[in-house]
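In: What follows is a predicted protein model with its sequence.
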Amino acid sequence: MERAAIHAVREFFVGLPGALAYRAINTMDAMLGYRDEREFVGKAAARTDDAANWVPTRITGLLLVAASGLKGTAGRAWWAFRTQPLPEFGPNKTLAIATMAGALGVQLKKPGAYALGTPTRPLTADVIGDAAWYVWVAGGAAVAGAACLAALLAWGPWR
């Protein structure tokens with residue numbers, strides 16, 4: 001019975017039902033999570049979305065820090081990851097942006113809202129290529145990690 005329970009929990013969180021639940025949470029936040037007359041209704045959706053994205057956001061930040069280590073900017077990226085996120089925008093929104101700004105050595109701005117990162121190089125077209133490289137490396141590491149986790153869940157010692 002214990003093995004069946006573990007299998008059911010794993011299938012729910014990893015399988016199609018988990019993906020559908022995550023998408024529903026994200027959609028509800030996009031539809032209702034505003035600071036206007038819908039705030040009372042949307043507060044639960046927004047907080048649930050924050051909770052659902054808490055771990056993935058931090059994994060993304062850490063993968064960007066690891067990728068920046070390949071270009072020698074891990075120190076700046078780690079500093080930005082630890083100090084730059086702005087909690088007034090929620091627990092997740094600015095963490096990956098700040099980490100990317102640190103890795104790139106630029107300041108990324110949303111006019112009227114925030115400016116993240118300490119500019120140590122000019123914001124030129126070369127920065128776009130570097131940003132794309134970081135995204136590809138971090139994304140590749142995420143896919144590889146997910147494949148390893150899926151294999152572990154499928155063929156682990158508890159099966």
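Out: Received it, and whenever you're ready, just let me know what you need. Residues are numbered from 1 along each chain as shown.

In: Helices of this structure, residue ranges please.
Out: Along the chain, the stretches classed as helices by DSSP state H are 2-14, 16-32, 39-69, 74-83, 95-104, 125-155.

In: Ok, which of those comes nearest Ala115?
Out: When the helices of the chain are compared by Cβ to Cβ, helix 95-104 sits nearest Ala115, at 9.0 Å. All C-beta spots, glycine's among them, are computed from the backbone N, C-alpha and C.

In: any idea of the mean pLDDT in the closest one?
Out: Helix 95-104 shows an average pLDDT of 95 in the prediction.

In: Can you name every helix or strand that it contacts?
Out: When contacts are defined as 3 or more Cβ pairs under 8 Å, 6 or more residues apart in numbering; DSSP states H and E, helix 95-104 sits against helix 39-69, helix 74-83, strand 108-110, strand 114-116, helix 125-155.

In: average model confidence for the third one?
Out: By that I understand strand 108-110. Within the predicted structure, the mean pLDDT of strand 108-110 is 92.

In: just the last one next, same as before
Out: Averaged across helix 125-155, the pLDDT comes to 91.

In: Can you list the helices and strands that that helix packs against?
Out: Here helix 125-155 is seen to pack against helix 2-14, helix 39-69, helix 95-104 when contacts are counted using 3+ Cβ pairs under 8 Å, 6+ apart.

In: how about those helices in TSV, adding mean neighbour count and distance to Leu153?
Out: What follows is the helices and strands packed on helix 125-155, written out as TSV (neighbours: other Cβ atoms under 10 Å; distance: least, Cβ to Cβ, whole Å):
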stretch	mean neighbour count	distance to Leu153
helix 2-14	11	6
helix 39-69	17	16
helix 95-104	26	26
